[in-house]
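Participant: This is a predicted model, with the sequence first.
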Amino acid sequence: MRSSMLAALVVGVPLAASALALAQERTPAAPGAEVYIISPRDGARVHNPVRVQFGLKGMGIAPAGVKYENTGHHHLLIDTEPPADASAPLPATDKIVHFGKGQTETTLTLAPGKHTLQLLLADLNHIPHSPPVVSKKITITVEP
Ligand SMILES: [Cu+2]
C-alpha cells in the first residue's frame, strides 16, 4: 500500500520526487563538529580592514565540488541569519560569502557601526550538513 502510493507520487509529481531525493542527499555532519570565529572576539571594536579567522573542530576543509567524507567549506554570514531552508544550496550574496577554495580567513571592509558575523559550514554542493554546523553569532563594532 505504502510503496504503491509512493510509486504514484513519483509518476505523478516528478518535481516533488526529485526535491525529496535532494533532501535525502544531505551530507551528515561529523558528531561533535564545531565551527567558530577565532577572531575578532564577540563584542570587539575593530577598524577596517577587518581580518576574520575561521576555526573548525571535528571536521576538515575541502574545496567546493570535492567529495570527501567529513569535510565542507566555510560560509560567512554578514548581518544575516542562516537561511530557513537548510536543504537548499546557500545562495552567494554580499551577505553570504562562500569560501569555496577552502580558505580559513578573510578580510572585510564594513561600514562603521555594529555588524553580526556567523560561520556556516556547507558541503561540496553548498548545502548545510545535517545537522547544520553553524557557529555562534558574534557582534562587532567597526569604528570609523
Ligand atoms: Cu559554498
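Facilitator: Thanks, I have the structure now.
Participant: Pick out the residue closest to the middle of this protein.
Facilitator: By Cα atoms, centre = their mean, the mean C-alpha position of the chain lies nearest to Leu120, the distance being 3.1 Å.
Participant: What's opposite that residue in the beta bridge?
Facilitator: Counting by DSSP bridges, Leu120 is bridged to His75, Val134.
Participant: gap between it and Arg51?
Facilitator: Note on Leu120: its distance to Arg51, by Cβ to Cβ, to the nearest Å, is 19 Å. In short, each C-beta sits where N, CA and C put it, glycine included.
Participant: Equivalent analysis for His75, please.
Facilitator: 17 Å.
Participant: who's more crowded, the two?
Facilitator: More neighbours sit around His75 than around the other of His75 and Arg51, counting by other Cβ atoms under 10 Å; the figures are 23 against 11.
Participant: Contact distance from the ion - what residues of the chain qualify?
Facilitator: Counting by Cβ under 5 Å from the ion, the chain comes close to the ion at His98, His126.
Participant: now the strands for the chain?
Facilitator: For the chain, the strands defined by DSSP state E cover 34-39, 45-46, 50-57, 60-61, 71-78, 96-98, 105-108, 113-122, 138-142.
Participant: hey, which of the ones you listed is tucked in deepest?
Facilitator: Per residue and on average, the most neighbours among these fall to strand 71-78, with a mean of 22 (mean count of other Cβ atoms under 10 Å).
Participant: quick one: contacts of it?
Facilitator: Residues outside strand 71-78 that contact it (Cβ atoms under 8 Å, 6 or more residues apart in numbering): 27, 35, 52, 54, 56, 59-64, 90, 94-104, 106, 108, 110, 115-124, 126, 129, 133, 137.
Participant: at 7 Å instead, please
Facilitator: Strand 71-78 is contacted from outside by 52, 54, 59-64, 90, 95-100, 102-104, 106, 115, 117-123, 129, 133, using Cβ atoms under 7 Å, 6 or more residues apart in numbering.
Participant: swap in stretch 37-51?
Facilitator: Contact partners of stretch 37-51, identified using Cβ under 7 Å, 6+ apart, comprise 52-55, 105, 107-110, 117, 119, 135, 138-143.
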